[in-house]
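let's see this in three dimensions:
(one chain, ligands or ions: 1)
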Amino acid sequence: MEERLQKVLAAAGVASRREAEEYITAGRVKVNGKVVKELGTKVGPNAFITVDGHPVHRERKTYLLFYKPRGVVTTMKDPEGRKSIADFVKDIPQRVYPVGRLDYNTEGLLLLTNDGELAQALTHPSHEVNKTYEVTVPGIVPQDKLDLLRIGVKLEDGMTAPALVNLMGYDYDKNLTRFTVTIHEGRNRQVRRMCDYIGFPVRYLRRVMMGPLTLTGLRRGDCRELFNEEIEELRATCGLKRDPEKKEKPAAEPKPEKKAKPAGEGKPKRIAVVKPEGRKSARPRIKSEEKSVKRAQSDKPKRIKKV
Ligand code: URA
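Here you go, the predicted structure:
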């Protein structure tokens, strides 16, 4: 993705955008060895930029969808030495951080990014991004108890907002109830505490959706980059404007003659998933999603070496 030179310089922490513009017009900035004085100049992710001869170190904005397994802490490092997210993204050069958190024993969808603006917007209560959880509890939960969750329950930190609750079914043989809960708040252990409140403590909890993102095609421990469209949808979900540097999709043109695609084109970028100790296979399994998601990607998918 190409971005305006002054934006790149500002994002790299070289200067404010206004100052960066001054550097450019003063001829202090070179792109791939050539002085660039045009303010509208756009540069690609691999352009080599210098200011007064000093290389500018850029960190590509990175958005990863991670399927956190149970028994992993939602931090990049655990002082107690437990498995953490860092164990799964060792080969990603960018420093990404989790957006929000899942309990140690909760599994499911977690967004990792180095885009502070988006992370902040997504976790801000005013943006009300929906998160859906699959819940399994022992026992047969009567409808009136589920209705309590729908209305809102009183927890020690206040009433919960009305939740969307969808009964998936009763398993009479195993004496279990399965349902989904969709909430937009992000309080600590909220779903577990809501279930405690109705007298049915959680046995199993998995986040399956956050805003427009789902776990489709990912296995536990897998990680993949988001599509540009997904990033834009996420931005829109939390009230951020469309990234002005991102081109709109071009209007439909007459179809060119069909050409065989080089292998890998049109697929999401694969990420190396590091095999944490004790895990049998760390191969990302995103094939089914690759097949089902037919989106025009504006940037070419890049394969990253697997470990
Ligand atoms: N609610 C919980 O109780 N736990 C989580 O990990 C996420 C939401």
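
report how many residues lie close to Ala119.
Neighbour count for Ala119, taken as other CB atoms under 10 Å: 20. (Glycine included, C-beta is placed from N, CA and C.)

quick one, phi psi at it?
phi -60, psi -40 (degrees, to the nearest 10).

need the contact list for it.
Counting by CB atoms under 8 Å, 6 or more residues apart in numbering, Ala119 touches 97, 99, 111, 113.

please name the bridge partners of the spatially most central residue of the chain.
Geometric centre of the chain, nearest residue: Leu111, 2.9 Å, by CA atoms, centre = their mean. Beta-bridge pairing for Leu111 (DSSP bridges): Leu65, Val99.

so what's it up against?
For Leu111, the contact set (CB under 8 Å, 6+ apart) comprises 63-66, 98-100, 119, 122, 210, 213, 234.

and the stretch 151-300 of the chain, which of its residues are near the ligand?
Residues of the stretch 151-300 of the chain found near the ligand (CB under 6 Å from any ligand atom) are 189-192, 205.

make it 5 Å
With CB under 5 Å from any ligand atom as the criterion, the stretch 151-300 of the chain meets the ligand at residues 189-192.

determine which two of the contacts of Ala119 are furthest apart.
Tyr97 and Leu111 (9.6 Å; CB to CB).

what residues are bridge-paired with Asp171?
With DSSP bridges as the criterion, Asp171 is bridged to Leu176.

ok, it touching Arg178?
Yes - with contacts counted by CB atoms under 8 Å, Asp171 reaches Arg178, the gap being 7.1 Å.

now neighbour count, secondary structure and pLDDT too, for the residues of the stretch 151-300 of the chain next to the ligand, in a markdown table please.
Below are those laid out as a markdown table (neighbours: other CB atoms under 10 Å; DSSP: H, G, I helix; E, B strand; the rest coil; pLDDT from 0 to 100):
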| residue | neighbour count | secondary structure | pLDDT |
| --- | --- | --- | --- |
| Arg189 | 15 | coil | 97 |
| Gln190 | 18 | helix | 97 |
| Val191 | 22 | helix | 98 |
| Arg192 | 17 | helix | 98 |
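
can you tell me the closest non-neighbouring residue to Thr75?
Among residues not flanking Thr75 along the chain, Ser84 sits closest, at 5.4 Å (CB to CB, 6 or more residues apart in numbering).

right, and that neighbour touches Gly71 too?
No - taking CB under 8 Å as the definition, Ser84 is not a contact partner of Gly71, at 10.6 Å.

so between the two, which is more surrounded?
Neighbour count, other CB under 10 Å: between Ser84 and Gly71, Ser84 has more, with 19 against 12.

gap between Ala11 and Val56?
Separation of Ala11 from Val56 (CB to CB, to the nearest Å): 10 Å.

again, but for Val14
When Val14 is compared with Val56 (using CB to CB), they lie 6 Å apart.

do the same with Pro45
In terms of CB to CB, Pro45 sits 13 Å off from Val56.

equivalent analysis for Arg207, please.
Applying CB to CB to Arg207 and Val56 gives a distance of 37 Å.

can you check His124 too?
His124 is 30 Å from Val56, by CB to CB.
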